[in-house]
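Q: Quick one: sequence plus predicted model below, questions after.
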Amino acid sequence: MPVLYHAPQSRSDTIATLVRMLKADIDIREVTIPRQDGSGQPDPNNPHPEKKVPYLVDGAETLRERGAIIVYLTDAYPDAKLGPLPGEVGRGAYLSWLFYYQGVMEPLTILHWAQLSHPAITASLRDIDAMTTRLTEALEPGPYLLGDRFTAADMLCSSPFHWFPDLMPEVSAIRDWVARCAERMQRR
């Protein structure tokens, strides 16, 4: 049986919720991690090479990083329809949003939270305003990133606004989308 290593109130919450929404037969094992407030510690029972979460072990396969785990799981559990499969309409946009999150949104969120800025960051990642514009453009036809279809990309890309509500822009398309995503993740 696959095992998801998870620490509550961490980046792995989205993946634990996804496992539930997929009705996946995956053992979720709680581990401890170092926390921003100085609490917690690396857990010797966590096989992640850096003792981070989430970490998925499925036989000989090991996956880290939420985007990779999301693609792996939504492809493995297609009946839940939380991600377009290869060859389906929307697959490119789905993958693009997952990788946009990993490569742009999460770094920008962390840099913003840490109050760090530099011209090299803006030149490559842009800034929070550009991120807001990209999300708004995608959501205006809405109600989700892939139009009418709620996917795991919505779960991942809305996640920073659940953790950092002060970061949520005063843009109704984004605020309404985050609320819709939260509702979908709670009821499924």
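A: Done, it's in.
Q: isn't residue 112 right next to residue 131, touching?
A: No: with contact defined as C-beta atoms under 8 Å, residue 112 does not reach residue 131; the gap is 9.3 Å. Glycine gets a C-beta too; all of them are placed from N, C-alpha and C.
Q: Pick out whichever of the two has more residues nearby.
A: Of the pair residue 112 and residue 131, residue 131 is the one with more neighbours under other C-beta atoms under 10 Å, namely 22 against 17.
Q: Give me the contacts around the helix or strand harbouring residue 71.
A: Residue 71 is part of helix 66-76 when elements are defined by DSSP states H and E. Identification of contacts with helix 66-76 by C-beta atoms under 8 Å, 6 or more residues apart in numbering yields 4, 11-12, 14-15, 18-19, 22, 24, 54, 56, 58, 61, 63, 80, 82-83, 85-86, 95, 98-99, 101-102, 151-153, 155-156.
Q: ok, now stretch 129-143?
A: Contacts of stretch 129-143 (C-beta under 8 Å, 6+ apart): 97, 100, 104-105, 108, 145, 147, 157, 169, 171, 173-174, 176-177, 180.
Q: List only buried entries from those residues.
A: By neighbour count, with 16 or more other C-beta atoms under 10 Å, these hold 97, 100, 104, 105, 108, 145, 157, 169, 173, 174, 177, 180 as buried.
Q: Can you tell me the closest non-neighbouring residue to residue 49?
A: Spatial nearest neighbour of residue 49, chain neighbours left out: residue 64 (7.9 Å); criterion: C-beta to C-beta, 6 or more residues apart in numbering.
Q: I'd assumed residue 46 was in contact with the one you found.
A: No: Residue 64 lies out of contact with residue 46 (C-beta under 8 Å); the separation is 10.9 Å.
Q: any common contacting residues for these two?
A: Counting by C-beta under 8 Å, 6+ apart, the residues touching both residue 64 and residue 46 are 52, 55.
Q: What about the contacts of stretch 129-143, which are in helices?
A: Applying DSSP state H to these, the entries found in helices are 97, 100, 108, 157, 173, 174, 176, 177, 180.
Q: residue contacts, the residue nearest the centre of the chain?
A: With distances taken as C-alpha atoms, centre = their mean, residue 156 lies nearest the centre of the chain, 2.5 Å away. Residues in contact with residue 156 (C-beta under 8 Å, 6+ apart) are 14, 66, 67, 70, 97, 98, 101.
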